[in-house]
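**Q** build me a model:
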Amino acid sequence: MKRLKCGLTVAAVFFTVATEAQELVQKVSFSVPASRPLIEVLEDFAGKTGMRLAYSKIDIKELKVKGVKCENTSVNNCLKDITNGLPVAFRLRGDLISIKYEGTGISVTGDGRITGKIVDEVGNPVAGAEVTVAKKTVLTDNNGDFVVDLPSGIYTLTVKASKYSPLRVEKLSVNTNETNTVSFAMKQAPDKITDIREVVITGTRKADTQAGLLAQQKKAAQMSDGISAEQIAKTPDNDVGGTLKRVTGITTIDNKYVVVRSMGERWNTAAMDGINLPSTEAYNQNFSFDIIPTAMVESIVVSKTATPDMNASFAGGYVEVRTKDIPNENFTTVSVGTSYNDQSAFKEFLTRKRGKYDYFGYDDGTRDFPKGLEATDWNNPLFFEQSKRFTNDNFSTFSTTGDMGSNVQVALGRSFALKNNNKWGFAGAFTVRNEQNKLDIDHTGRGNWLDTTAPYDPNWQANGTDPIVFYNFKNKGASYNYNSTLAGMLNFGLQLGKNRISFRNSYTHIYDNTLTRITGWNEYTGGSGMAANAEASYNYFYNGIIPNNNPSQIKDLDKPYTDNTNYPIYQTLLQNKLEGNHKVGNAEINWFAARTGVKSDTKDYTQYLSLYDFIGSEILNYHRIYNSGSNFYRGYIANKETDYNYGASLKWNIDKGNFKNDIKLGYAGVIKNNTNQQEKFFLRVDENRDVPNSEKNFITMHGSLAQWFDGSKYVPGGIGWQTRPLYKNDRYEGKVTQNAFYVMLDNRWKNMFRLVWGVRAEYFKYDLISQQLDLSDNQTVKKEPIDDKPWQWMPSVNFTYSPTNKINVRLAYNKTVIRPQFNERTGLPYFDPVANGLIYNTEMTSSVVKNYDFKFEWFPGLGEIFSAGLYYKDIDRPIEREGRLSNEGNLFLYNGNSKNAKLKGVEVEVRKNLGFIAEESLLEKLFISGNFTYNTTKVIAFKDQYKTGDNGETYEVERPLYGQTPYAYNLGMTYDGGRLGASFLYNAKGDQYITVGYDYNGEEIQRPYAVADAQLSYKFLRDKNLEVKFNVRNLFNRVKEFYNNFNSYSVPNGSGGSNISTDREAWKLLPGATDKYDKDIDKITFRAYSGRIFGLSVNYTF
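**A** Numbers count the residues shown, from 1 in each chain. Take a look at the predicted model:
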């Protein structure tokens, strides 16, 4: 009421004096800097001139002047300068200055901006809506986007569109050199004209794109989470891999691979602009999100339930990266940064010979690998001749100093207006990044590395000892990673009326080289295989402690060895997509065609053993070639996948009163081709040389490796490289043809009830064109193929009840199908140097998942959410990786199907602004967020990996699936001030099953792990367009530890016999042991530290 009286008083005074106003002849000199509040300037001016003021403080308190300099001019002219470009008018009468706010009635231009999106009640963009502010009218494009340039001030914005109730937004603020990004939803107009009412919103504070994304989440048919471009800009991340862990409900592994709802990367699907992305690894079903720079990204949305129009091949989440095309405003951003890893920068860093283009990720020939070599041996002169084609020494290791990381990003966007409110534009980005990091491996017991525990002693209680005895030695070393990324994106968009065409192009090239050196003990390389003897050798090797103080015992100590591996991997991702959106009447047509290619070449990877001998008080280092072994080998893996995606959809609406209906029909097709070829060569010695027969099949190599691989030894009597026919003549090649037809109905009633339902019919055909197999490998599992249904019918139902505009209650059911990927069908195993095991594929079939979800969502304020939900999944034939140990202790990993899994889970999410504690305080700019997911899983697995048909014998076990963790949570706090920004994020997960085991010794579990990141940022200069960020990743440098429960399950379960058919059934827990990690009982299979990374970056926006 007070405000109304004030406004009426000002208006009365204003219009009374308007008829009698006269210009004062008084001359005045007056100046003020830009961006001072108008009220302060007017008060100063009135005081200087001795005049009185009349104005409404409420209306003009947010207005700021552009800068004033009056030199000996009239009061009237000086007032014109003061109010220039502002939505106000002034009148003079005598010594009275009257100011009237005209925010809705004056057409102006300025240096502030409002950009926004207009959507309907369910989040679909409203094209062609009229947006009017300050007498400027613009039309929204096909995406519902609009842009208006204005000076700083408070405005009223109106939106009108056919078939929708008008929308009026009052008190919308615009600041100098800032963009206010808003998102509004329009309500469909009732059938009766008399019932049409204007919807009024008060826009009291600046919105952001995260709030807009939450609005889309609120109105989406499926359950989803996401992160926006604005939120990404506030993080320390240069790539999407790091950014994803900032999305509630997601954790990441090594800042590359995602865990959604506690489910590992095997259960999730990666997509870019709606196109599913192939795996970036030749032998693991992973997409490495760190290959996508953040400069390319508009938003990231993670869907947790499916609708019929989605390519739904997930059980955890569908992670879609959306890139920019026509920007809402022109921009040019340059970012330069550096990073410091406290384990690698300015410290010793091991490497093989580097090429001159390594920094940019391209090979200069240093890792060229000869092709087309024949399978022969030393009895054929060709053996030595073709060995000379190996001209590069990629075995010698060099010690250098690790450099700090560096990155440069340039992003550019332009929008160009055409006639009739049409436009075209483009957005591009270019990134170069280099990082050198070190994984400090404190201990590994994987594969045939010796365990630090002795076998369980069944008489431990009688002997007065511990049931499990631990010995003090380590198999330790490090992995040195050199990573270079070069990436670019160039997207074009054309808007013609209600037609929009986009052409999106992205290219990413990565060079990732990992050199791993581990020194330790096992029973096959100079050792007895006894942990007690390894401890004595460890003490002498590292600390010089002579056993029993008796030098004569030194020569009998077990000898360690060093395993050296180097894997230089070149990955290239190229995606091109042409898409169109056309609105005709009440119908909408969408179409697309895309090509996606992923190429991964592991060029001249090498592996060799360094041996040691104790001679007197000296430790001798040497190498040895065995013709019957694999002490030295090198190889090349070429993997290439090309996908062609195409499709179209038609959507139209049929409305009857309060009952609104959308019908969507569509088709999506995919043709995929993949080739994979391995080449592998073993170093051999000429057995025709003149030495005793007992020494013909081996040779000891003394001296540096460089002199052995300079080409001079590839002669008769020397050494050479031998391969086998399968590596020359064979390769894996596969093809997938997929066709999907779907119908989806979206039924809404009174904005309270919504039902999105339909069915997707998907045809899938896999053709094996050729295979690369080693028929002599006894570890290869040969069994009959499992039938995979060519047609799958995938119904889905998403129901939403909205009792208020801030609350959703959701129920959902959908069926999804997870197909075996090409890398899970190749015939040759792949050696993982860190896991120290070979990965084999077995015959497998698609996993069929039935998903049931319930979720409650509350959106209390702008950018805020509280939600809680339950979910249940029934997975038929889940694809898992199972570990099995040979009698010699070698680890073999097998990809294949289990019988069934059932999963129950709960999820809670919070994002809240703290301004409610104290209004108009710093807390209004502070957000807290968090997410917690917990689940339990019961798996039915096959007893015999050769018998996995419908009648195969099974056993039941309560454990997470491969790649799954029982719980995960993240906590975050973000402060977004005008200039100062700060964020802290804590991301944690529980025990994660890296490998599931037929028995306990074959499985591996990562212990609970957490990562903390923090960042401070500050915006400099008047326009706040120079931003400096300081950040820390992995703040606490938590140890990464992996274990298994083999020692915990050491007590025989009953008397055995015919009732015991699996190792898991044969053993039970020790007294006091649990099925989790038990210190002083369970063995650590791997322990490592990755180091803290400190980053500094400078961003400048033109």
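**Q** the helix or strand containing A638: partners in the sheet, and parallel or antiparallel?
**A** Assigned by DSSP states H and E, A638 belongs to strand 632-653. In the sheet, strand 632-653 lines up against strand 587-615 (antiparallel), strand 659-685 (antiparallel) (DSSP bridges).
**Q** tell me the buried residues in stretch 952-960?
**A** 952, 954-955, 957, 959-960 (16 or more other C-beta atoms under 10 Å). Heads up, the C-betas are built off the backbone N, CA and C, glycines and all.
**Q** in strands, which of those residues appear?
**A** 954-955, 957 (DSSP state E).
**Q** need those in CSV with distance to E588 and pLDDT, can you?
**A** Formatted as CSV, those follow (distance: C-beta to C-beta, whole Å; pLDDT from 0 to 100):
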residue, distance to E588, pLDDT
T954, 49, 88
Y955, 52, 86
V957, 49, 87
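**Q** closest one to T391 out of those, please.
**A** Lowest distance from T391 to these (C-beta to C-beta) belongs to V957, with 52.5 Å.
**Q** any idea how far the closest one lies from K136?
**A** 66 Å (C-beta to C-beta, to the nearest Å).
**Q** ok, now P1071?
**A** Separation of P1071 from K136 (C-beta to C-beta): 79 Å.
**Q** neighbour count for these two, which is higher?
**A** The neighbour count for P1071 versus K136, taken as other C-beta atoms under 10 Å, is higher for K136 (17 against 7).
**Q** and the more buried one, what are its bridge partners?
**A** Residues in beta-bridge contact with K136 (DSSP bridges): V133.
**Q** next one, pLDDT for it please.
**A** What the model reports as pLDDT for K136 is 82.
**Q** how much space between it and L683?
**A** In terms of C-beta to C-beta, K136 sits 75 Å off from L683.
**Q** low-confidence ranges, the stretch 1-150 of the chain, go.
**A** Low-confidence regions of the stretch 1-150 of the chain, defined by pLDDT under 70, span residues 1-25, 103-111.
**Q** where do the helices of it begin and end?
**A** 2-18, 38-49, 57-60, 75-83 (DSSP state H, counting those that start in this stretch).
**Q** just list the residues touching D853, thanks.
**A** 223, 304-305, 810-813, 869-872 (C-beta atoms under 8 Å, 6 or more residues apart in numbering).
**Q** try it again with 7 Å
**A** D853 makes contact with 223, 305, 812, 869, 871 under the criterion C-beta atoms under 7 Å, 6 or more residues apart in numbering.
**Q** what helix or strand is the last one located in?
**A** When secondary structure is defined by DSSP H and E, Y871 falls within strand 865-876.
**Q** follow-up on the earlier one: among the strands paired with strand 632-653, which comes closest to V408?
**A** From these, taking C-beta to C-beta, the stretch that ends up closest is strand 587-615, at 24.2 Å.
**Q** closest to N448 among the buried residues of stretch 952-960?
**A** The closest of the buried residues of stretch 952-960, once distances to N448 are taken by C-beta to C-beta, is R959, at 25.0 Å.
**Q** CA-only coordinates of the helix or strand where Q495 lies, as CSV, when you get a sec.
**A** For Q495, the host element (DSSP H and E) is strand 476-496. Extracted C-alpha coordinates of strand 476-496, given in CSV (Å, rounded to 0.1, in the frame of the first residue of the first chain):
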residue,chain,number,x,y,z
LYS,A,476,56.0,-51.8,-6.2
GLY,A,477,56.7,-49.4,-8.9
ALA,A,478,54.9,-46.7,-10.9
SER,A,479,52.9,-45.9,-14.0
TYR,A,480,54.0,-42.8,-15.9
ASN,A,481,51.2,-41.3,-18.1
TYR,A,482,51.9,-38.8,-20.9
ASN,A,483,48.6,-37.5,-22.3
SER,A,484,48.1,-35.0,-25.1
THR,A,485,44.7,-33.9,-26.5
LEU,A,486,43.9,-31.9,-29.5
ALA,A,487,40.2,-31.2,-30.2
GLY,A,488,37.9,-29.0,-32.2
MET,A,489,34.3,-28.4,-32.8
LEU,A,490,32.5,-26.4,-35.4
ASN,A,491,28.7,-26.3,-35.4
PHE,A,492,26.4,-24.3,-37.8
GLY,A,493,22.8,-23.5,-37.5
LEU,A,494,20.2,-21.9,-39.8
GLN,A,495,16.8,-20.6,-38.6
LEU,A,496,14.2,-19.8,-41.3
